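A.B. asks: using only what follows, build the 3D model:
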Amino acid sequence: MALTKHDIVDSIQERFGFSRQKTIDAVESLLELIKSALGKGEDVLISGFGKFCVHEKKARRGRNPATGDEMILPPRKVVGFKCSGKLRDKINVIG
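C.D. replies: Numbers count the residues shown, from 1 in each chain. This is a model prediction of the structure:
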């Protein structure tokens, strides 16, 4: 099961008692800030959670799985994530 944006909005609204629209606006604003920073090639560090980084991938040879034809895949940017030690410890709690 995945945690969705809807679930995040519901949880924040329930915990802090904000109006639904203000909560949606706050979550959307946060996500836009993150997307904007990543779009500029900047890293996003959220203490206690992790770091989102933009990595550049070089052009490479690939293959069309449907036809088997070889092709050159263009260079592109991808987002990577490295979790913090606190998050890793929380995930790996033995209980």
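A.B. asks: residues in contact with the helix or strand where residue 10 lies: which ones?
C.D. replies: According to DSSP states H and E, residue 10 maps onto helix 5-16. For helix 5-16, contacts defined as C-beta atoms under 8 Å, 6 or more residues apart in numbering pick out 18-20, 23-24, 26-27, 31. No exception for glycine: its C-beta is placed from N, CA and C like everyone else's.
A.B. asks: could you rerun that using 7 Å?
C.D. replies: Helix 5-16 is contacted by residues 18, 20, 23-24, 27 when judged by C-beta atoms under 7 Å, 6 or more residues apart in numbering.
A.B. asks: pLDDT added to these, as JSON lines?
C.D. replies: As requested, the contacts of helix 5-16 are exported to JSON lines (pLDDT from 0 to 100):
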{"residue": "18", "pLDDT": "94"}
{"residue": "20", "pLDDT": "95"}
{"residue": "23", "pLDDT": "97"}
{"residue": "24", "pLDDT": "97"}
{"residue": "27", "pLDDT": "97"}
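A.B. asks: now, of these, which are buried?
C.D. replies: 23-24, 27 (16 or more other C-beta atoms under 10 Å).
A.B. asks: could you dump those to CSV with secondary structure and distance to residue 37?
C.D. replies: Output for the buried ones among the contacts of helix 5-16, formatted as CSV (DSSP: H, G, I helix; E, B strand; the rest coil; distance: C-beta to C-beta, whole Å):
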residue, secondary structure, distance to residue 37
23, helix, 22
24, helix, 21
27, helix, 16
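A.B. asks: now this protein, which segments are flagged as low pLDDT?
C.D. replies: Low-confidence segments of the chain (pLDDT under 70): 94-95.
A.B. asks: show me the domain layout of it.
C.D. replies: 1-41, 43-95 (automatic domain parsing).
A.B. asks: if we take the contacts of helix 5-16, which one ends up nearest to residue 73?
C.D. replies: Minimum distance to residue 73 across the contacts of helix 5-16 is 33.9 Å, recorded for residue 27 (C-beta to C-beta).
A.B. asks: thank you, goodbye.
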